[in-house]
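Asker: Just need the structure, nothing else, for what follows:
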Amino acid sequence: MRETDLYPVIKSFLERQGYEVKAEIKGCDVVARKNGAPLLVVELKLGFTLQLIYQAVDRLALTDHVYLAVAKPKRGLPREAVKLCKRLGLGLIVIGTLGGTQVLAQPVPYTPRQSGDRKKKLVKEFEARQGDPNLGGTGGAKLVTAYKQDALRCLSHLHMSGASKLAALREGTKVDRAANILRDNYYGWFQRAGRGVYELTDEGQDAIKTHADHISALT
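Answerer: Residues are numbered from 1 along each chain as shown. I've put the predicted structure just below:
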């Protein structure tokens with residue numbers, strides 16, 4: 001498929017809605033107009049690219065009704081692409097290999113709604129995390145979260161005190177979720193030594209050295 005193959009499909013799609021359609025007007029791939037409707041501009045690309053976004057945003061200086069039209073990828077467009085178009089107030093049309101069209105977004109003003117639940121979790125993690133143990137921009141790296149800091153507090157306590165009852169560990173670390181951390185044993189550091197008593201595993205002993213700097217920062 002070539003980029004020019006997209007034009008007849010878009011032209012036909014708009015003409016069925018009563019638009020008069022013309023191509024390549026003052027740098028715009030497609031311009032359409034009909035009585036009683038706003039001027040409409042469509043930018044064509046085989047793929048969803050940053051360059052296409054740049055072009056579409058520039059066309060917003062001409063009209064509020066700007067569409068991006070792209071060939072439909074085999075695996076479909078990612079949700080983030082559709083979300084980006086909605087946030088920018090751009091329309092999005094995908095064109096199938098058989099000439100079918102699907103409108104995924106309309107060029108209407110978009111007022112994003114904040115997610116109260118996600119914001120609450122963000123603030124909770126920010127407040128619970130002690131210090132700033134991670135380096136910004138290290139995407140994909142293992143992060144030191146507030147949960148891991150609590151696990152490290154339990155790790156340090158058991159290293160210093162030896163096998164301990166859960167109540168004593170909770171009191172010594174001030175970690176309210178100590179029971180869940182020890183039970184879930186996400187990092188493999190803990191094991192039961194008796195009823196309500198926990199100690200370190202071999203992995204836990206090794207973690208004392210591996211995370212010495214983080215433990216020192218916590219204490």
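Asker: So which elements touch the longest helix anywhere in the chain?
Answerer: If you go by DSSP state H, the chain has its longest helix at helix 146-161. Applying 3 or more CB pairs under 8 Å, 6 or more residues apart in numbering; DSSP states H and E, we find helix 146-161 packed against helix 116-128, helix 166-173, helix 178-184, strand 190-194, strand 197-200, helix 202-210, helix 212-218. In short, each C-beta sits where N, CA and C put it, glycine included.
Asker: try 6 Å
Answerer: On a contact count with 3 or more CB pairs under 6 Å, 6 or more residues apart in numbering; DSSP states H and E, helix 146-161 meets helix 166-173, helix 178-184, helix 202-210, helix 212-218.
Asker: neighbouring contacts of stretch 107-116?
Answerer: Identification of contacts with stretch 107-116 by CB atoms under 6 Å, 6 or more residues apart in numbering yields His65, Val66, Lys86, Arg87, Gly89, Leu90, Gly91.
Asker: Could I get the phi/psi values of the fourth one?
Answerer: For Arg87, the backbone dihedrals are phi -70, psi -30 (criterion: degrees, to the nearest 10).
Asker: count of residues packed around it?
Answerer: 12 (other CB atoms under 10 Å).
Asker: same check, this time on the third one
Answerer: When counting by other CB under 10 Å, one arrives at 18 neighbours for Lys86.
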